[in-house]
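> Build me a model:
(chains A, B, C and D)
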Protein chains: 2
Amino acid sequence: MEQQQISTYLLKSGIRPLQKRVKIMSYLVSKRNHPTVDMIYSDLIHEINGLSKTTIYNVLNLFVQSGVALALNIEGNEVRYDADTSTHGHFKCKICSGVIDFRIKQEELPNPMLDGFRIDEHHYYLKGVCSFCANKIEA
Amino acid sequence: MEQQQISTYLLKSGIRPLQKRVKIMSYLVSKRNHPTVDMIYSDLIHEINGLSKTTIYNVLNLFVQSGVALALNIEGNEVRYDADTSTHGHFKCKICSGVIDFRIKQEELPNPMLDGFRIDEHHYYLKGVCSFCANKIEA
DNA sequence: ATGTAAAATGAAATGATTACAAAAATAGTC
DNA sequence: GACTATTTTTGTAATCATTTCATTTTACAT
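Numbers count the residues shown, from 1 in each chain, chains lettered A, B, ... in the order given. Prediction:
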């Protein structure tokens, strides 16, 4: 996606499309790697002059509050971010630590009987070993 | 559950049923409140003489590794523990921070096409506002 | 009882995240 | 284009959960 499109998207979501915000969203959208704050920082520090980690925290928190990004809490010691806010699941490999998406429809997810509850977010996480790592183990 | 039953259960799971381990498991099983380490510590410090937080971390890590407890990563800043290792979902209320279980069958959870992947754990988390807090807001 | 291995302890280290005050950038107005 | 008020970014320090590690204590078999 072009930076211009990102700007429009952010604006539409009630977020002023400032330079760093656009770059960070652009990174999330293009890489789709469910990065941690550290990953974003190490990748963008070269590209954005004088970027601070605090800014990344600020911007990501803003994104999550505004609903343009999801915070994934798959593992206790790290938060990962995802610009894809549509319904989908996540698989995390214990070996390579990679996180991949898998498609599921909203209707496929069970809807428990929770009378009077307001449900805002659905998170479906799987953990195990990905096919690539599984092959390496066998070999 | 009686402490005796807990001991037998731990033993069967390959865990030596030492005093503190039994007490901590007993706490998890009886309270079913998905506690954090801090909650366990503040509740058991009165009951167990000279209990240290490090011990709770040690014991819980052992429980998780041995498969007699689950570590829930619903929110990024806290890990909660659950002695119920059967398939079920968790709902966390944004207002009161309470976590409740809901029953789902293994078969109800979607099984994505992940060829060659080994899936070890399924986590299904919902977030929103529980009925109790929703009522309070309306009132 | 005694010795050995396992477990628990507490203090210090680590790592992620937040708070906060100062500096910089931005948008709107003249 | 310059001026000012407001918002954003920055960097440091503070906070909080968790782990590490050396030491002490406990459990258990002999």
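> Setting the sequence-adjacent residues aside, check what's closest to the spatially most central residue of chain A.
Nearest to the geometric centre of chain A sits A:Asp82, at 1.3 Å (Cα atoms, centre = their mean). The shortest distance from A:Asp82 to any non-neighbouring residue, by Cβ to Cβ, 6 or more residues apart in numbering or on different chains, is to A:Leu70 (4.6 Å). Every residue, glycine included, has its C-beta placed from N, CA and C.
> Tell me who's in contact with that neighbour.
A:64, A:81-82, A:84-85, A:121 (Cβ atoms under 8 Å, 6 or more residues apart in numbering or on different chains).
> Now the residue nearest to the centre of chain A: phi and psi?
phi -140, psi 120 (degrees, to the nearest 10).
> ok, now how distant is it from A:Ala69?
Distance of A:Asp82 to A:Ala69, computed by Cβ to Cβ, to the nearest Å: 6 Å.
> Can you give the strand pairings for the helix or strand where A:His90 lies, parallel or anti for each?
Using DSSP states H and E, A:His90 falls within strand A:88-93. Its sheet considered, strand A:88-93 pairs with strand A:99-103 (antiparallel), strand A:118-129 (parallel) by DSSP bridges.
> thinking again about what came up before, name the residues contacting each of A:Asp82 and A:Ala69.
Going by Cβ under 8 Å, 6+ apart, residues that sit against A:Asp82 and also against A:Ala69 are A:Leu28.
> what about stretch A:30-46, near chain B?
No: figure legend: stretch A:30-46 not in contact with chain B (Cβ under 8 Å from any Cβ of the partner chain); closest approach 10.6 Å.
> Could you list the buried residues of that stretch?
Buried residues in stretch A:30-46, counted by 16 or more other Cβ atoms under 10 Å in any protein chain shown: A:33-37, A:39-41, A:44.
> ditto for stretch A:132-139
For stretch A:132-139, using 16+ other Cβ under 10 Å, the buried residues are A:133-134.
> got the CA coordinates for it in CSV?
Taking Å, rounded to 0.1, in the frame of the first residue of the first chain, the C-alpha atoms of stretch A:132-139 are listed here in CSV:
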residue,chain,number,x,y,z
PHE,A,132,9.3,-26.1,8.3
CYS,A,133,10.7,-26.7,11.8
ALA,A,134,9.0,-30.1,12.0
ASN,A,135,10.9,-31.2,8.9
LYS,A,136,14.1,-30.0,10.3
ILE,A,137,13.6,-32.1,13.5
GLU,A,138,12.9,-35.2,11.5
ALA,A,139,15.9,-34.8,9.2
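> Averaged pLDDT, it. What do you get?
Computed over stretch A:132-139, the mean pLDDT rounds to 85.
> How about it and chain B, any contact?
Yes: against chain B, stretch A:132-139 shows contacts by Cβ under 8 Å from any Cβ at A:134-135.
> Any chance you could list what contacts that stretch?
A:93, A:95-96, A:129, B:116-118.
> Can you turn the buried subset of those into a selection I can paste into PyMOL?
In PyMOL syntax, the buried subset of the contacts of stretch A:132-139 is picked out as below (16+ other Cβ under 10 Å):
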select buried, (chain A and resi 93+129) or (chain B and resi 117+118)
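> quick one, what contacts the residue nearest to the centre of chain A?
Counting by Cβ under 8 Å, 6+ apart, the residues that A:Asp82 touches are A:28, A:34, A:69-70, A:72, A:90, A:101.
> out of those, who's nearest DNA strand C?
Nearest to DNA strand C among the contacts of A:Asp82 is A:Leu72, at 10.4 Å by Cβ to the nearest atom of the strand.
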